[in-house]
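# Predicted model follows, preceded by the sequence.
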Amino acid sequence: MTKTALLLVRTLRMYQWTKNALVLAALVFSREFLDPAMIALSLAAFAAFCMASSATYIVNDILDI
């Protein structure tokens, strides 16, 4: 990985995204895990939560500076 890519991964705190996987639990517990539309919606929700959490971390880092 390049230095820029490593800095991006570090800034986005991608290791924190595992907590957002709880969004996918609703898909499993609703027994809709075979429905392609529900899978797409769940993955979109997961992506939205990941982007929102990363944006929050970035804003917090900027405010700390």
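Ah, there it is.

# from here on, contacts and neighbour counts on C-alpha atoms
Noted.

# The protein: helices as residue ranges?
3-12, 23-29, 36-64 (DSSP state H).

# Pipe those helices into a markdown table and attach mean neighbour count and mean pLDDT per row.
Formatted as a markdown table, the helices of the chain follow (neighbours: other C-alpha atoms under 10 Å; pLDDT from 0 to 100):
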| stretch | mean neighbour count | mean pLDDT |
| --- | --- | --- |
| helix 3-12 | 12 | 87 |
| helix 23-29 | 14 | 90 |
| helix 36-64 | 14 | 94 |
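
# quick one: contacts for the residue most central in space within the chain?
The residue lying closest to the centre of the chain (C-alpha atoms, centre = their mean) is Cys50, at 2.1 Å. Counting by C-alpha atoms under 8 Å, 6 or more residues apart in numbering, Cys50 touches 17, 20.

# what's the offset of stretch 42-55 from the middle of its chain?
4 Å (C-alpha atoms, centre = their mean, to the nearest Å).

# Alpha carbons only: can I get it in CSV?
The C-alpha trace of stretch 42-55 is given here as CSV (Å, rounded to 0.1, in the frame of the first residue of the first chain):
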residue,chain,number,x,y,z
SER,A,42,-29.2,-3.8,4.2
LEU,A,43,-25.9,-3.3,2.4
ALA,A,44,-26.8,0.2,1.6
ALA,A,45,-27.6,0.9,5.2
PHE,A,46,-24.3,-0.7,6.2
ALA,A,47,-22.4,1.6,3.8
ALA,A,48,-24.3,4.6,5.0
PHE,A,49,-23.5,3.9,8.6
CYS,A,50,-19.8,3.4,7.7
MET,A,51,-19.6,6.7,5.8
ALA,A,52,-21.4,8.5,8.5
SER,A,53,-19.1,7.2,11.2
SER,A,54,-16.0,7.9,9.2
ALA,A,55,-17.2,11.5,8.5
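
# Thanks a lot, catch you later.
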